[in-house]
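Engineer: show me how the following folds:
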Amino acid sequence: MKNKIENFINNYELDEKYANRIPEPHFFYSGDEILKEAISAILAGKNLLLVGDKSTGKNVLAENLAYIFKRPLWNLSFHINIDSSVLIGDDTLKNGNVLFREGPITKAANCGGFVVLDEINMAKNEAMAVLHSILDYRRIIDIPGYDIIKLHPATRFIATMNYGYEGTRELNEALLSRFVIIKMPLISREKLVDLIKKEYPNMKSEYVNNIALFFYDLKLKADAGEISNNSPDLRGIFDAIDLVKEDLSLSYALELTIANKLFDTYEEEILKDLIKTRFDESLFFKDIFVE
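Structural biologist: Just a heads-up that it's a prediction; the model follows:
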């Protein structure tokens, strides 16, 4: 597989002006089997749909793939205001002349970039319609009033979606058929411990384990419907640890980055009680880290 990746990189030269869009990941995806599946799909010329709960590493995996294949990356987060002009571009005035301003999909199509279609199941119908001809065997962008753009052979689309979140909907069969679908598993406790150790090598083992267990406490409460599905938030936990390094207690930092994101008073109290159960209120940097 390594040779095939190298051949892909060597076969598709990249304009230097896009080199700064090749990501340098802060986190590296640790699921070997999932990574192998995703790389195989990219090599086969397929587009990916990564499906899973929050904190399963969907965006981390997408960033890692662009890094591995040395392709520039564009990120598109779908919401109600994303339409065809945002995706592929629109007319604009420059020095009194009407010019076409390329959107991120058009830029990626021309240079062989990767595009993350984040939360694709929040896209409105107009945006969905644009995606159909881009994602199927035609691999074209038909811009009214302009030429048809054929996608560069290295161009890939990596969509992500969560199930059951507010504002989301089911994807229709026609769109689903355009993707290789990978169901993203929750990170294992062992790999989460390794991730925390790698990110914070001076943290005492006791607290590495307690923080990992706290994440799974959140997941159990969310699965039971006691708190929001947004609560098991690895980014929030890492943000809290960073705040501890700036002289906040761990329990207070977790309230700021996890509990305060809940706007239901009952859920917020459940989460604060969970924090107090797992972590003493007097835990500061000197207690958690080896100096």
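Engineer: show me the contacts for I158.
Structural biologist: Going by CB atoms under 8 Å, 6 or more residues apart in numbering, I158 touches 47-48, 50, 62, 65, 114-117. No exception for glycine: its C-beta is placed from N, CA and C like everyone else's.
Engineer: so it is in which element?
Structural biologist: In this structure, I158 is located in strand 156-161 according to DSSP states H and E.
Engineer: point to the residue nearest the middle of the chain.
Structural biologist: Within the chain, one residue has its C-alpha closest to the average C-alpha position: by CA atoms, centre = their mean, that is N59, at 1.9 Å.
Engineer: tell me the SS of that residue?
Structural biologist: N59 carries the three-state label helix when classified by DSSP: H, G, I helix; E, B strand; the rest coil.
Engineer: just the pLDDT at it, thanks.
Structural biologist: With respect to pLDDT, N59 scores 93.
Engineer: residue ranges of the helices in this protein, please?
Structural biologist: Listed in chain order, the helices of the chain (DSSP state H) span 2-11, 32-43, 58-69, 84-88, 104-111, 125-135, 173-176, 189-199, 205-223, 234-244, 250-257, 265-278, 285-288.
Engineer: so which of those helices comes closest to I143?
Structural biologist: helix 84-88 (6.2 Å; CB to CB).
Engineer: what comes up buried for that closest one?
Structural biologist: Of the residues in helix 84-88, 84, 86-88 count as buried by neighbour count, 16 or more other CB atoms under 10 Å.
Engineer: cool, stretch 23-39 as well?
Structural biologist: 23, 27, 29-31, 34-35, 38-39.
Engineer: lowest-pLDDT helix or strand in this protein?
Structural biologist: Taking mean pLDDT, DSSP states H and E as the measure, the chain has strand 89-94 as its least confident helix or strand, at a mean of 68.
Engineer: sorry, back to before: now, among the buried residues of helix 84-88, which is nearest to I187?
Structural biologist: L87 (31.4 Å).
Engineer: residues contacting that closest one?
Structural biologist: Residues counted as contacts of L87 (CB under 8 Å, 6+ apart) are 76, 103-105, 127, 130-131.
Engineer: one more: F78?
Structural biologist: The neighbourhood of F78, defined by CB under 8 Å, 6+ apart, consists of 117-120, 122-123, 127.
Engineer: how close does it get to N121?
Structural biologist: F78 sits at a distance of 8 Å from N121 (criterion: CB to CB, to the nearest Å).
Engineer: sorry, back to before: so what's the residue nearest to the centre of the chain up against?
Structural biologist: If you count contacts by CB under 8 Å, 6+ apart, then N59 has 75, 116, 118, 160 around it.
Engineer: redo that, cut-off 10 Å
Structural biologist: For N59, the set of contacting residues under the criterion of CB atoms under 10 Å, 6 or more residues apart in numbering consists of 27, 29, 50, 75, 77, 116, 118, 158, 160.
Engineer: returning to what we had before: which of the helices of the chain sits closest to H152?
Structural biologist: Closest to H152 of those, according to CB to CB: helix 104-111, at 6.1 Å.
Engineer: could I get the pLDDT score of the residue lying closest to L283 once chain neighbours are set aside?
Structural biologist: Closest residue to L283 apart from its sequence neighbours, by CB to CB, 6 or more residues apart in numbering: L250 at 4.5 Å. Listed pLDDT for L250 reads 96.
Engineer: hmm, S282 and L250 touching each other?
Structural biologist: Yes: look at L250 against S282 with CB atoms under 10 Å: they come within range, at 9.4 Å.
Engineer: who's in contact with G236?
Structural biologist: With contacts taken as CB under 10 Å, 6+ apart, G236 has the following neighbours: 54-55, 215, 218, 230, 253-254, 256-261.
Engineer: of those, keep whichever come out buried.
Structural biologist: Buried residues within the contacts of G236, defined by neighbour count using 16+ other CB under 10 Å: 54-55, 215, 218, 230, 253-254, 257-259, 261.
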